[in-house]
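A.B. asks: Using only what follows, build the 3D model:
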Amino acid sequence: MEMRTGRLLIVDDEGAIRFALSEYFRENGWTVDAAAEKEEAEALIACTEYAVVIADLRLTGIYGVEGLDIIQWSRHLRPDTRIVLLTGNGTPEIEAEARRRGADAFLHKPLPLPQLEAVVESLLGKAS
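C.D. replies: Numbers count the residues shown, from 1 in each chain. Model prediction:
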(Lines give C-alpha, C1' and ligand atoms only; values in the text may rest on other atoms or scores of the structure.)
Protein backbone atom coordinates (compact mmCIF):
# COMPACT_ATOMS: atom_id res chain seq x y z
CA MET A 1 0.00 0.00 0.00
CA GLU A 2 1.31 3.42 -0.96
CA MET A 3 1.66 5.83 1.96
CA ARG A 4 0.46 9.36 1.29
CA THR A 5 2.38 12.40 2.33
CA GLY A 6 0.83 14.71 4.88
CA ARG A 7 -2.17 14.23 7.11
CA LEU A 8 -5.92 14.53 6.90
CA LEU A 9 -8.21 16.01 9.54
CA ILE A 10 -11.81 14.80 9.58
CA VAL A 11 -14.25 17.07 11.47
CA ASP A 12 -17.79 15.78 11.99
CA ASP A 13 -20.09 15.67 15.02
CA GLU A 14 -21.51 12.28 13.99
CA GLY A 15 -19.32 9.50 15.33
CA ALA A 16 -20.34 7.01 12.63
CA ILE A 17 -19.36 9.42 9.85
CA ARG A 18 -16.08 10.33 11.58
CA PHE A 19 -15.30 6.65 11.99
CA ALA A 20 -16.21 5.69 8.41
CA LEU A 21 -14.20 8.52 6.85
CA SER A 22 -11.21 7.93 9.13
CA GLU A 23 -11.14 4.19 8.48
CA TYR A 24 -11.58 4.59 4.73
CA PHE A 25 -8.72 7.06 4.39
CA ARG A 26 -6.45 5.08 6.77
CA GLU A 27 -7.08 1.91 4.76
CA ASN A 28 -6.03 3.85 1.67
CA GLY A 29 -2.71 4.93 3.16
CA TRP A 30 -3.49 8.28 4.78
CA THR A 31 -2.55 9.46 8.26
CA VAL A 32 -5.82 10.66 9.80
CA ASP A 33 -6.85 12.67 12.85
CA ALA A 34 -10.48 13.30 13.75
CA ALA A 35 -12.39 15.91 15.74
CA ALA A 36 -16.03 16.08 16.82
CA GLU A 37 -16.29 19.80 17.53
CA LYS A 38 -14.99 23.15 16.34
CA GLU A 39 -12.72 23.83 19.33
CA GLU A 40 -11.06 20.43 19.04
CA ALA A 41 -10.51 20.94 15.30
CA GLU A 42 -9.06 24.41 15.82
CA ALA A 43 -6.64 23.10 18.47
CA LEU A 44 -5.46 20.31 16.14
CA ILE A 45 -5.02 22.73 13.22
CA ALA A 46 -3.03 25.07 15.47
CA CYS A 47 -0.47 22.39 16.33
CA THR A 48 -0.49 20.07 13.30
CA GLU A 49 0.11 20.70 9.62
CA TYR A 50 -2.60 19.00 7.55
CA ALA A 51 -2.55 18.46 3.81
CA VAL A 52 -6.36 18.44 3.84
CA VAL A 53 -9.14 19.26 6.29
CA ILE A 54 -12.52 17.65 5.58
CA ALA A 55 -15.14 19.40 7.73
CA ASP A 56 -18.88 19.09 8.11
CA LEU A 57 -20.75 22.39 7.92
CA ARG A 58 -22.93 21.77 10.98
CA LEU A 59 -21.43 20.52 14.22
CA THR A 60 -24.01 21.73 16.78
CA GLY A 61 -27.45 21.23 15.33
CA ILE A 62 -29.67 22.34 12.49
CA TYR A 63 -28.60 25.99 12.50
CA GLY A 64 -24.88 25.47 13.06
CA VAL A 65 -22.32 26.66 10.54
CA GLU A 66 -19.13 25.89 12.50
CA GLY A 67 -17.56 24.44 9.38
CA LEU A 68 -17.31 27.98 8.03
CA ASP A 69 -15.32 29.02 11.11
CA ILE A 70 -13.02 26.01 10.67
CA ILE A 71 -12.37 27.06 7.06
CA GLN A 72 -11.47 30.57 8.18
CA TRP A 73 -9.27 29.35 11.08
CA SER A 74 -7.42 26.88 8.88
CA ARG A 75 -6.94 29.40 6.08
CA HIS A 76 -5.55 31.92 8.60
CA LEU A 77 -3.10 29.52 10.30
CA ARG A 78 -2.31 27.11 7.46
CA PRO A 79 -2.83 28.83 4.11
CA ASP A 80 -1.48 25.83 2.17
CA THR A 81 -3.95 23.34 3.67
CA ARG A 82 -6.67 22.26 1.23
CA ILE A 83 -10.17 22.44 2.73
CA VAL A 84 -13.22 20.36 1.81
CA LEU A 85 -16.59 21.32 3.31
CA LEU A 86 -19.20 18.55 3.47
CA THR A 87 -22.86 19.19 4.11
CA GLY A 88 -26.23 17.59 3.86
CA ASN A 89 -27.84 21.03 4.01
CA GLY A 90 -26.05 23.13 1.45
CA THR A 91 -27.50 26.22 -0.13
CA PRO A 92 -26.00 28.44 -2.83
CA GLU A 93 -25.52 31.13 -0.17
CA ILE A 94 -23.64 28.79 2.18
CA GLU A 95 -21.48 27.54 -0.70
CA ALA A 96 -20.65 31.13 -1.71
CA GLU A 97 -19.71 31.96 1.90
CA ALA A 98 -17.60 28.79 2.19
CA ARG A 99 -15.70 29.70 -0.97
CA ARG A 100 -15.30 33.31 0.19
CA ARG A 101 -13.70 32.02 3.40
CA GLY A 102 -11.36 29.78 1.45
CA ALA A 103 -12.95 26.35 0.92
CA ASP A 104 -11.35 24.48 -1.97
CA ALA A 105 -14.32 22.13 -2.43
CA PHE A 106 -17.97 22.15 -1.34
CA LEU A 107 -19.56 18.70 -1.44
CA HIS A 108 -23.02 17.37 -0.60
CA LYS A 109 -23.63 14.34 1.62
CA PRO A 110 -24.07 11.53 1.05
CA LEU A 111 -21.03 11.13 -1.15
CA PRO A 112 -19.35 7.85 -2.13
CA LEU A 113 -16.02 7.62 -0.32
CA PRO A 114 -13.99 6.91 -3.49
CA GLN A 115 -15.44 10.11 -4.98
CA LEU A 116 -14.42 12.07 -1.87
CA GLU A 117 -10.92 10.62 -2.06
CA ALA A 118 -10.71 11.57 -5.75
CA VAL A 119 -11.57 15.17 -4.84
CA VAL A 120 -8.92 15.16 -2.08
CA GLU A 121 -6.29 13.79 -4.44
CA SER A 122 -7.19 16.29 -7.15
CA LEU A 123 -6.80 19.14 -4.64
CA LEU A 124 -3.32 17.84 -3.87
CA GLY A 125 -2.48 17.49 -7.55
CA LYS A 126 -2.25 13.72 -7.47
CA ALA A 127 -3.84 11.19 -9.78
CA SER A 128 -5.94 8.68 -7.86
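A.B. asks: Is Lys85 in contact with His108, as I believe?
C.D. replies: Rather than Lys, residue 85 is Leu. No: if you go by CB atoms under 8 Å, Leu85 and His108 don't touch, sitting 10.0 Å apart. The way it works is simple: take the backbone N, C-alpha and C, and place the C-beta from them, glycine included.
A.B. asks: For the protein, which segments count as strands?
C.D. replies: Listed in chain order, the strands of the chain (DSSP state E) span 7-11, 31-35, 52-56, 82-87, 105-108.
A.B. asks: got the contact list for stretch 76-84?
C.D. replies: Contact with stretch 76-84 is made by 45-46, 49-55, 70-71, 74-75, 102-107, 116, 119-120, 123-124, as judged by CB atoms under 8 Å, 6 or more residues apart in numbering.
A.B. asks: Can you tell me which of the strands of the chain is packed in deepest?
C.D. replies: Mean neighbour count (mean count of other CB atoms under 10 Å) peaks for strand 52-56 among the strands of the chain, with a mean of 26.
A.B. asks: tell me the angle of that strand relative to strand 7-11?
C.D. replies: Interaxial angle, strand 52-56 versus strand 7-11 (axes from the mean of the first three to the mean of the last three CA atoms, to 10 degrees): 10 degrees.
A.B. asks: Strand 52-56 - contacts with which helices or strands?
C.D. replies: strand 7-11, helix 38-47, helix 66-77, strand 82-87, helix 113-123 (3 or more CB pairs under 8 Å, 6 or more residues apart in numbering; DSSP states H and E).
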